[in-house]
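# One predicted model, sequence on top.
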Amino acid sequence: MKGSKSKAETTKKADSKLSVKRKANDRGSKKPVKEKAGKDPNKPKRPASAFFVFMEEFRKQYKEKHPNNKSVAAVGKAGGDKWKSLSEAEKAPYVAKAAKRKTEYNKTMAAYNKKQSEKKNEPEEEEDEEDGSDKSKSEVNDDDEDDESGEEEDDDE
């Protein structure tokens, strides 16, 4: 067995080559990694789809019929099967409720976006006003007029 290599030696070499390739791909990726922006807790939540509107009612009915069932998966499966078996006419009230919720969501989202754009504009204006800081103004005013500057400071706070 002069020039023959064992199977173990050849697989080890192949494994080492594969592992080197994986590491090179991880290190050599040219796409910049973006950090995920934090969620705003004040942002309105998306409205429920017609299926989830249906599931709200279905869960109540299912719990009444099966009070001993504690499995969430069983409720979801039964709800999904029931939803699939419904005709378009039977689904219509849930679709209408979902559409109504979506219009309300769009209104609140428009108000939220307007508020966010106003917040973005406000700090820029405030920074311009703060170039001469409030403390320096009040210290100068304290020397000249003690009574009036104290009242102004209280109003700001």
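Received, thanks.
# Tell me which helix or strand the residue nearest to Asn42 when sequence neighbours are not counted sits in.
Taking C-beta to C-beta, 6 or more residues apart in numbering as the measure, Asn42 lies nearest to Tyr112, with 7.2 Å between them; neighbours along the chain are not counted. The C-beta positions use only the backbone N, C-alpha and C, and glycine is treated the same way. Remark: Tyr112 resides in helix 88-129, with elements defined by DSSP states H and E.
# Now do that helix: which elements does it pack against?
For helix 88-129, the helices and strands in contact under the criterion 3 or more C-beta pairs under 8 Å, 6 or more residues apart in numbering; DSSP states H and E are helix 50-65.
# List of residues touching the helix or strand that the helix it packs on is followed by?
The first helix or strand that comes after helix 50-65 along the chain, using DSSP H and E, is helix 72-85. Applying C-beta atoms under 8 Å, 6 or more residues apart in numbering, the external contacts of helix 72-85 come out as Phe51, Phe54, Met55, Phe58, Arg59, Tyr62, Lys63, Asn69, Lys91.
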